[in-house]
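Q: Predicted model, plus sequence, below.
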Protein chains: 2
Amino acid sequence: MMNSFDKIIEWYLERSHVVVYNVEQISLSELNEWSFNKKTGYWKHKSGKFFTIQGIEVHTNLGNVRHWFQPIIFQPEIGILGILTKKINSKRKYLIQAKMEPGNINKIQLSPTVQATKSNYSRVHKGKKTTFIDYFLGSEKSVILADRLQYEQGSMFYGKINRNMLVEVNDDIELPSDFYWMSSDDIGNLLHMENMINMDTRSVFSCVLCKDESEHPINSDNDILNWLSLLRSNCTIKTNKVPLYSLVGWNLTPDIIYYEEDKYFSVIGVKVTSDSREVTTWTQPIFKKDRPGFAGFLAQEIHGTLHYLVQAKLESGKKTIYLAPTVQCSDYEQKIDSEIYLKYFFNNNNVIYDKIQSEEGGRFYHFLTRNMVVLLDDDIDISKYYIWMTYNQILTMIDHGYFNIEARTLMTCLNVIKTKRYKYD
Amino acid sequence: MMNSFDKIIEWYLERSHVVVYNVEQISLSELNEWSFNKKTGYWKHKSGKFFTIQGIEVHTNLGNVRHWFQPIIFQPEIGILGILTKKINSKRKYLIQAKMEPGNINKIQLSPTVQATKSNYSRVHKGKKTTFIDYFLGSEKSVILADRLQYEQGSMFYGKINRNMLVEVNDDIELPSDFYWMSSDDIGNLLHMENMINMDTRSVFSCVLCKDESEHPINSDNDILNWLSLLRSNCTIKTNKVPLYSLVGWNLTPDIIYYEEDKYFSVIGVKVTSDSREVTTWTQPIFKKDRPGFAGFLAQEIHGTLHYLVQAKLESGKKTIYLAPTVQCSDYEQKIDSEIYLKYFFNNNNVIYDKIQSEEGGRFYHFLTRNMVVLLDDDIDISKYYIWMTYNQILTMIDHGYFNIEARTLMTCLNVIKTKRYKYD
């Protein structure tokens, strides 16, 4: 007899077979329903909705590079990343969706119950209604357990935030075949695999992680806030919109936008044919990357409590410093010599977590990130942009929106080592 | 023999006599070193520093008025509001400054040790060095106890934040005659008087208020964050800069900028002659108001714990909703019929606090606010923009920057009823 986890894998594989779709890279000039405005110099959907791809010029007083140009995604709407939950036979379950996204390296990943921009669920594209969306918009049949506004990728989205929601449903729900009720153990097992639990699901769970019982932090909450206030008050960032064709270092061709040294990322077009999305066929621009990025926390036991080394990081899409993993870079193989803390992750015998996970496949094409947490044996020097925080301190700061998505999703991955995972389990 | 508080009053009166200065209202066209740029349509200092007065057009989806024009102060620098503290004969003391500001109705009020814009302390105006500033900029002779970035008035400043700092000094300090070491009891007594403790001092102390011992909140911290996320995700505000001469409803004369129905505030010029500031004589534009505003919390004992009714408020200088007193309005005598909770403050037998206090005199001329906290006997209906919070919950949310300055300074006033006032007492 199959155990519950085997059944999930079977369902996942079945969904991968059943869902008929095709994702094809096309030239930017072949994007239907998208247009490049020669005057403003950016890409937009003809409805004026969804998102635009614009250029920015950034000046800051932090870091090695203090002036640069880049394309960035503007999507000023606040979307919903929402997971339904219910006690079924007195066991807490979460409703997960097998969802195709054009950028997914393995086509289907496990998404929140609802993953929708306002354009999606208000049906700008005249497609099908987003399944289960009503439970998240205020319903007598559901109760909001958690609702947090959290930033998306700050180096590729301009100030984009989403609602991360966990909502308890009292209804009996008839499940479409692409949905599955999973336990926290199931989620934990899937996080030990690569590219299965998508970024949005990891982001939602990061807002409901269960705190540890007792801790002895070496830095008080007040120390942490003082440290961050000082850094924020000394940091400046100035961002100007510029036309994509004025981005120094970037090449615009009719096919693709790419950086001249083949670094960072490129902007390509994709054409999607599918029967599992709200609309059947569409084209869209998408950010592409060829080599995996990296997000990792160094951990160390200090005074009997595990601490994580948190970085104060400025990202181009945000107005000030937010908190990030110890190391976060878009191409770690190239950065091995320059990122000071990267070396501690390799040739390390105490690896707590080490898996490749994907960025969100709606905007990012084959964007992979190696997620690592390792335990340090020896003391290391800490620069002023880093601070040791305990697990509970990190969770409190996640609650108040201080952590970037790379750090949040990494905490959800790390959480698999805990016995009690989510607040409402 | 005089007691310690009498000595403070004596010192305050003496300072009021000693400090020779004159504040005179002048025409905007007489402002030396300030110029009105006809192309951009705003007032700026000829150095390009300090602040500018610009026009904005605001569109929002909240409130009764959803589209308006107004002048607003742009001051993108992060200033320092800092108080030095020291244990003297094992009693905690705070170093308070008797400071003249041109907008003060009583000329001198009691300010933080340091109250300086970056232009001030980096000496753009080539004046005297800001006294004691070195202790706040990183010194071996001082320790930062608290450092918080907090918003100024959101309806009159565009996104202005300051560092609110409490810094312990180990040095023996030679006191200039305009400084005085005060205890928390002294501060408490002065807060029972009107227009003595200035707004900046009240703002700094709001960041180090001492929590109550035990509480039974009717709304959990999670409830509060969920409530705020929902409101923030549904609120939109769009602000465009427009020239001052394009502000609909506002009149620009060479003398003054004022609203046509004599509502809100006006922009006037003042000329100051003084020996107690970093520079001796200057002119500047300043916001003026003729009738007092109002900031008040309704309080109620619920399940044995005092709760305060907190308002989710959108202000033109901010990008989203922040937390505010139950009622906050610029002219309460006119609003008595329209503000739903205002009536509960009057004809009330349980007044906890009721004093007139001043807005900061560097930018606001004779701007008075009646600060009230009253206890409700009967239950009242709560709209979706309001939530009951306990004292400790408010202090936690102040720590993370959710509360506006009107609410923060009111909490400092209310705090006078507590036995232990500040964290480090």
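A: Nice, I can see it. Numbering: from 1, shown residues only, chains lettered A, B, ... in the order given.
Q: Get me the contact residues on chain A for chain B.
A: By CB under 8 Å from any CB of the partner chain, the residues of chain A that approach chain B are A:78, A:144-149, A:163, A:221-222, A:225-226, A:229-230, A:232-233, A:399-400. In short, each C-beta sits where N, CA and C put it, glycine included.
Q: From these, which land in helices?
A: Judged by DSSP state H, these include A:221-222, A:225-226, A:229-230, A:232-233, A:399 as members of helices.
Q: Among those, which one has the most neighbours?
A: The most crowded member of these, judged by other CB atoms under 10 Å in any protein chain shown, is residue A:229 (23 neighbours).
Q: can you pull the pLDDT of that residue?
A: Predicted confidence (pLDDT) for residue A:229: 98.
Q: Show the contacting residues for it.
A: Going by CB atoms under 8 Å, 6 or more residues apart in numbering or on different chains, residue A:229 touches B:147-149, B:163.
Q: Spatially nearest residue to it, not counting backbone neighbours?
A: Among residues not flanking residue A:229 along the chain, residue B:147 sits closest, at 4.2 Å (CB to CB, 6 or more residues apart in numbering or on different chains).
Q: tell me, how many neighbours does the residue of the stretch 301-425 of chain A found nearest chain B end up with?
A: Residue of the stretch 301-425 of chain A nearest chain B, by CB to the nearest CB: residue A:400 (4.7 Å). Residue A:400 has 16 neighbouring residues, counting by other CB under 10 Å.
Q: That one contacts residue B:400, doesn't it?
A: Yes. Residue A:400 is within contact range of residue B:400, at 4.7 Å (criterion: CB atoms under 8 Å).
Q: bridging residues for residue A:43?
A: For residue A:43, the beta-bridge partners under DSSP bridges are residue A:36, residue A:53.
Q: what's around it, how many residues?
A: Residue A:43: 23 surrounding residues under other CB under 10 Å.
Q: how about it, what does it touch?
A: A:28, A:31, A:34-37, A:52-54, A:244, A:267, A:285.
Q: now residue A:222
A: Contacts for residue A:222 (CB under 8 Å, 6+ apart) come out as B:145-146.
Q: gap between it and residue B:87?
A: 18 Å (CB to CB, to the nearest Å).
Q: can you give me phi and psi for residue A:410?
A: phi -70, psi -40 (degrees, to the nearest 10).
Q: Near it, how many other residues are there?
A: By the measure other CB under 10 Å, the count of residues near residue A:410 is 29.
Q: Check residue A:249 too.
A: 12.
Q: likewise residue A:396?
A: 18.
Q: so when I look at it, I'm seeing a helix, right?
A: Yes. With DSSP: H, G, I helix; E, B strand; the rest coil as the criterion, residue A:396 is assigned to a helix.
Q: Please report the distance of it from residue B:399.
A: For residue A:396, the distance to residue B:399 (CB to CB) stands at 10 Å.
Q: so what sits against both of those two?
A: Any residue near both residue A:396 and residue B:399 by CB under 8 Å, 6+ apart counts here, and that gives residue A:221.
Q: Show me what the helix or strand harbouring residue A:110 packs onto, helices and strands only.
A: Using DSSP states H and E, residue A:110 sits in strand A:108-111. Counting contacts by 3 or more CB pairs under 8 Å, 6 or more residues apart in numbering or on different chains; DSSP states H and E, strand A:108-111 is packed against helix A:4-18, strand A:91-100, helix A:199-206.
Q: tilt between the shortest one and strand A:91-100?
A: This points to helix A:199-206. If you take axes from the mean of the first three to the mean of the last three CA atoms, to 10 degrees, helix A:199-206 sits at 160 degrees to strand A:91-100.
Q: Give me the contact list for helix A:199-206.
A: The contact list for helix A:199-206, computed with CB under 8 Å, 6+ apart, reads A:81-83, A:96, A:110-112, A:115, A:150, A:162, A:164-166, A:187, A:191, A:357-360, A:398, A:403, A:405, A:408-409, A:411-413, A:415, A:421-422.
Q: Now it: average pLDDT?
A: Helix A:199-206 comes out with an average pLDDT of 98.
Q: beta partners of residue A:114?
A: residue A:82.
Q: any idea how far residue A:131 is from chain B?
A: Going from residue A:131 to chain B by CB to the nearest CB, to the nearest Å gives 20 Å.
Q: do residue A:202 as well
A: Using CB to the nearest CB, residue A:202 is found at 19 Å from chain B.
Q: domains in chain A, as residue ranges please.
A: Split into domains by automatic domain parsing, chain A comes to A:4-20+A:76-206, A:221-237+A:290-417.
Q: in stretch A:100-113, what's buried?
A: Using 16 or more other CB atoms under 10 Å in any protein chain shown as the test for burial, stretch A:100-113 gives A:100-104, A:107-113.
Q: Could you tell me the end-to-end distance of that stretch?
A: End-to-end distance for stretch A:100-113: 13 Å, by CA to CA, to the nearest Å.
Q: Find the nearest non-adjacent residue to residue A:77, please.
A: Once flanking residues are discounted, residue A:77 sits nearest to residue A:118: 4.1 Å by CB to CB, 6+ apart.
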